[in-house]
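In: sequence and predicted structure below; questions after.
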Amino acid sequence: MRIKKAIRTTVFGVTALAAIGMYAVDNMKNNNDNSDEKIVFAAESDMEEISVNGDDTKKTEASTDDVTVDQIYCIGSVSKVYVTTAVMQLVEQGKVELDAPVTDYIDDFKMADERYKDITVRMLMNHTSGIFGSSLKNSDLYGDNSSVSTENTLKNLENQRLKADPGEYAAYCNDGFTLLELLVERVSGMSYTDYVEKNIAGKIGAENIYTAKNVFGNPALADIFPDSNNRYETEYGMDLGSGGIYSTALDTCEFGSTFFKGDNRLLSEGSKNEMATLWSSTTDVSGNLKYNPDYMDQNGLGWDMVDIPMYKEAGVKALYKGGDNTDYHAGLLVLPDEEVSVCVTTSGGNSGYNMAMAEALANIALEEQGIEVEETTAPEVELKETVPDSYKKYGGYYSLDGTPAEITFPDMKYALVKMLGAGTSDEYYMYTDNGFVRVTGDIEAGEFRVDPDYFCINFVEAEGHVYITEESVSKQSGLVNGCNRTYSGEKLEPNPVSEEAIKAWQERDGMKYAVESEKYSSVVYQTPFTEIRVLEDSGYVVDLGMASSILKIVDENHLEAFTTIPSSGNRDIFDIYIDDTGVVHSSNDLEVVPVTDNESFTADVKKVELTTNGAVWFNIDDSMANKTISLDRPDNSAVYIYDKFGKVKYSSHMLDYGDVIHLPKDGYIMFIGEAGDAINIK
């Protein structure tokens, strides 16, 4: 098999170390030759051409010694297919029933919402449990693997409500797979790490499938560069079932090949078919679908997608799972009937790019089998000069793709979408017979065109709510057209609240907060800041944190997530309350404190006493601006320095930074460690 030219790692968008594995049966061989052909390569920068004969591997001219086929990456949420496989093995053994309540297997799983008793094992696997999303406490750590994510998640869920009835709709949920990890342990009597080693890696002869628990310190782990410049200590994903599997691209491909038709090393055909079946949308009391299934999540059990349009139109069943930790990213694409498994792992970039690369390679493999795959193309549209008056009622505030937005229709000529999140810009949409299509250019001067990355939105009413559906067709990094349809937004409903409540939140408007409750090794400290903004005359607040969100004001100290979007547009939502000391508690298990009134970091600060899971924050005094310091600190501690915009300028997790640390003007400095220790400043 020959991999053709023009496969380039500029796909990753940023400088990224990449490993790509491919496993395929060479159907061009003599029918009497049943041997397999494995294709593996690793590269950085541009890749020109490789030719593989049997199991031999050839690097491209642009590949470097820094990247090899033995490089180990965290595969992020691709881990969800592994834990789903583990549970399905227990189902085959008669130890677990897919449609039994989770409480049958985890008796200490409790929530503040009584509906949790209706959550089944299947609902955890297909993201329909109704659980908010992600418990973040110490879930990703630098140079440390001592967090226990399952215990943190169980404790956090005890005080959490559900966002929907179990089974109502699918919305991506990490916590569900942490519960599946715990289920595997409770039912099998083994640690999850031991289970994976014996019953997954061992059964397929894979030497490089690990969890964060047993990969710690492995010299083959790929380097990470969170800020694209400085190499950091390795990131360890401690939510093992949700995102904590580590592997090479080749062994991930080997795992993917167990889903080929007829390969029963891990699961029976029946179990694999269950996993590859699209979940069922719910109906109303009359038996009608509540929502349009074309715009709902397309996942099966564990898999993100079990129906990919361009493959479906070619008569090819395709299974895909992407994974994104903070610094590691992965994509696994499996074509079970054509016996093609492709994995792309990267340090840097994101899983959308990995998917594009995986699809490009899979399409070449299909072409050599005589199967032509036509990429989805954007429809031709005719832009209208006016917007029908019937759309006036849809003006207002929205939660759109997880970001606050305001939509208006200036002079009913177009739709203006003002994104209110940090680092966003206005978007313009012209009305067409298909809906509102995004345009670029100077719309006021009449010099504009349809955005080359086709993006169309529509306003729909369902179940008493106004939602936005979106359809996009875009060339993912110059490789393959990606097509996406989803419910992406919801209009804010009126929320009348008391004057006292409005006043309390207006007094916090513009205040900056920072995380204080994580371990010294927590990755969260890379982006610890959030800011509160009140949406005028709405009864809602914008939380401009790691993921901008709109929350509904309940009273002077409580905010609630309000969205009911029937898709992953409603993933990772959270409630908030502020205690009497001013600490902000979030239901995703983070605590933040105001940084406005921090103590000033001056030359007089020579020693900082540490507390466990309690960050000590300072504002850098003007007298220290542009000066330097050095530190004497214990191993189990960390120091971060941020500029006035909240960007990391220094972290003690950076490797080879040196001993001299520069302090920016109007910045922040944070110290974190363990009780009884101290950091000395020189």
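Out: Sure thing, it's come through.

In: next, the buried residues of stretch 352-370.
Out: Neighbour-count burial for stretch 352-370 flags 352-366, 369 (criterion: 16 or more other C-beta atoms under 10 Å). Where C-beta positions appear, they are placed from N, C-alpha and C, glycine not excepted.

In: how far off centre is that stretch?
Out: Here stretch 352-370 is found 23 Å from its chain centre; the criterion is C-alpha atoms, centre = their mean, to the nearest Å.

In: dump it to CSV, keeping only the CA atoms.
Out: Taking Å, rounded to 0.1, in the frame of the first residue of the first chain, the C-alpha atoms of stretch 352-370 are listed here in CSV:
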residue,chain,number,x,y,z
GLY,A,352,-10.7,18.1,15.1
TYR,A,353,-7.4,18.2,13.2
ASN,A,354,-6.7,14.6,14.2
MET,A,355,-10.0,13.6,12.7
ALA,A,356,-9.3,15.3,9.5
MET,A,357,-5.9,13.5,9.1
ALA,A,358,-7.5,10.2,10.1
GLU,A,359,-10.2,10.6,7.4
ALA,A,360,-7.7,11.6,4.8
LEU,A,361,-5.7,8.5,5.3
ALA,A,362,-8.8,6.3,5.6
ASN,A,363,-10.1,7.6,2.3
ILE,A,364,-6.8,6.6,0.6
ALA,A,365,-7.1,3.1,2.0
LEU,A,366,-10.7,2.9,0.7
GLU,A,367,-9.7,4.2,-2.7
GLU,A,368,-7.2,1.3,-2.9
GLN,A,369,-10.1,-1.0,-2.2
GLY,A,370,-12.0,0.5,-5.0
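
In: now do that stretch, average pLDDT.
Out: Averaged across stretch 352-370, pLDDT comes to 93.

In: now do stretch 78-97
Out: Mean pLDDT, stretch 78-97: 98.

In: and that stretch, what's buried?
Out: By 16+ other C-beta under 10 Å, the buried positions in stretch 78-97 come out as 78-91, 96.

In: got phi/psi on Phe109?
Out: Backbone geometry at Phe109, expressed as degrees, to the nearest 10, gives phi -80, psi 120.

In: lowest mean pLDDT among the helices and strands of the chain, which one is it?
Out: Ranking every helix and strand in the chain by mean pLDDT, DSSP states H and E puts strand 50-51 at the bottom, with a mean of 28.

In: roughly how far out does the helix or strand that that one is followed by sit from the chain middle?
Out: The C-terminal neighbour of strand 50-51 among helices and strands, as given by DSSP states H and E, is strand 73-74. Its chain's C-alpha centre and that of strand 73-74 lie 15 Å apart, by C-alpha atoms, centre = their mean.

In: strand 73-74: partners in the sheet, and parallel or antiparallel?
Out: Paired with strand 73-74 in the same sheet, following DSSP bridges, are strand 245-247 (antiparallel).

In: please enumerate the helices of the stretch 301-450 of the chain.
Out: 309-313, 351-368 (DSSP state H, counting those that start in this stretch).

In: possible to save these as JSON lines with distance to Pro528?
Out: As requested, the helices of the stretch 301-450 of the chain are exported to JSON lines (distance: least, C-beta to C-beta, whole Å):
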{"stretch": "helix 309-313", "distance to Pro528": "39"}
{"stretch": "helix 351-368", "distance to Pro528": "24"}
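
In: out of those, which is closest to Glu374?
Out: Nearest of those to Glu374, taken as C-beta to C-beta: helix 309-313 at 6.4 Å.

In: helices or strands up against that closest one?
Out: strand 480-491 (3 or more C-beta pairs under 8 Å, 6 or more residues apart in numbering; DSSP states H and E).

In: and the strand it packs on, what's buried?
Out: The neighbour-count check on strand 480-491 (16+ other C-beta under 10 Å) flags Val480, Asn481, Gly482, Cys483, Asn484, Arg485, Thr486, Tyr487, Ser488, Gly489, Glu490, Lys491 as buried.

In: can you tell me which residues contact the residue nearest in space to the middle of the chain?
Out: The chain has Asp324 as the residue nearest its centroid, 5.1 Å off, counting by C-alpha atoms, centre = their mean. By C-beta atoms under 8 Å, 6 or more residues apart in numbering, Asp324 lies in contact with Gly76, Ser77, Asn350, Ser351.

In: ok, now which ones touch the first one?
Out: If a contact means C-beta under 8 Å, 6+ apart, then Gly76 has Gly237, Gly243, Gly322, Gly323, Asp324, Asn325, Tyr328, His329, Ala330, Ser351 as its contacts.

In: if we can go back for a sec, could I get the buried residues of strand 480-491 as a markdown table with distance to Ser247 and pLDDT?
Out: Output for the buried residues of strand 480-491, formatted as a markdown table (distance: C-beta to C-beta, whole Å; pLDDT from 0 to 100):
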| residue | distance to Ser247 | pLDDT |
| --- | --- | --- |
| Val480 | 24 | 87 |
| Asn481 | 29 | 86 |
| Gly482 | 25 | 85 |
| Cys483 | 29 | 90 |
| Asn484 | 27 | 92 |
| Arg485 | 31 | 94 |
| Thr486 | 29 | 96 |
| Tyr487 | 33 | 97 |
| Ser488 | 32 | 96 |
| Gly489 | 36 | 96 |
| Glu490 | 38 | 97 |
| Lys491 | 43 | 97 |
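
In: low pLDDT regions in the stretch 351-500 of the chain?
Out: Applying pLDDT under 70 to the stretch 351-500 of the chain picks out residues 422-423, 476-477.

In: please report the distance of Cys253 from Asp659.
Out: Counting by C-beta to C-beta, to the nearest Å, the separation of Cys253 from Asp659 is 43 Å.

In: err, Glu181, not the other one
Out: 41 Å.

In: and for Gln93?
Out: 56 Å.

In: now swap in Ser149 and tell me
Out: 34 Å.

In: do His653 as well
Out: Look at His653 and Asp659: by C-beta to C-beta, they are 15 Å apart.

In: between the two, which one's more packed in?
Out: A side-by-side neighbour count of His653 and Asp659, using other C-beta atoms under 10 Å, places His653 first with 27 against 10.

In: quick one: residues contacting the nearest residue to that one once chain neighbours are set aside.
Out: The spatially closest residue to His653, leaving aside those adjacent along the chain, is Tyr142, at 4.2 Å (C-beta to C-beta, 6 or more residues apart in numbering). Tyr142 makes contacts with Tyr232, Glu233, Thr234, Glu235, Tyr236, Ser521, Ser522, Val523, Ala638, His653, as judged by C-beta under 8 Å, 6+ apart.

In: if you set the cut-off to 10 Å instead, what comes out?
Out: By C-beta atoms under 10 Å, 6 or more residues apart in numbering, the contact list for Tyr142 reads 224, 226, 232-236, 326-327, 519-523, 525-526, 638, 651-654.

In: and it, what are its bridge partners?
Out: Residues in beta-bridge contact with Tyr142 (DSSP bridges): Glu235.

In: distance check, it against Phe255.
Out: Taking C-beta to C-beta as the measure, Tyr142 falls 27 Å from Phe255.

In: can you put the buried residues of strand 480-491 in JSON lines and add distance to Thr596?
Out: Listed next are the buried residues of strand 480-491 as JSON lines, based on distance: C-beta to C-beta, whole Å:
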{"residue": "Val480", "distance to Thr596": "47"}
{"residue": "Asn481", "distance to Thr596": "47"}
{"residue": "Gly482", "distance to Thr596": "42"}
{"residue": "Cys483", "distance to Thr596": "45"}
{"residue": "Asn484", "distance to Thr596": "40"}
{"residue": "Arg485", "distance to Thr596": "43"}
{"residue": "Thr486", "distance to Thr596": "38"}
{"residue": "Tyr487", "distance to Thr596": "37"}
{"residue": "Ser488", "distance to Thr596": "34"}
{"residue": "Gly489", "distance to Thr596": "32"}
{"residue": "Glu490", "distance to Thr596": "32"}
{"residue": "Lys491", "distance to Thr596": "33"}
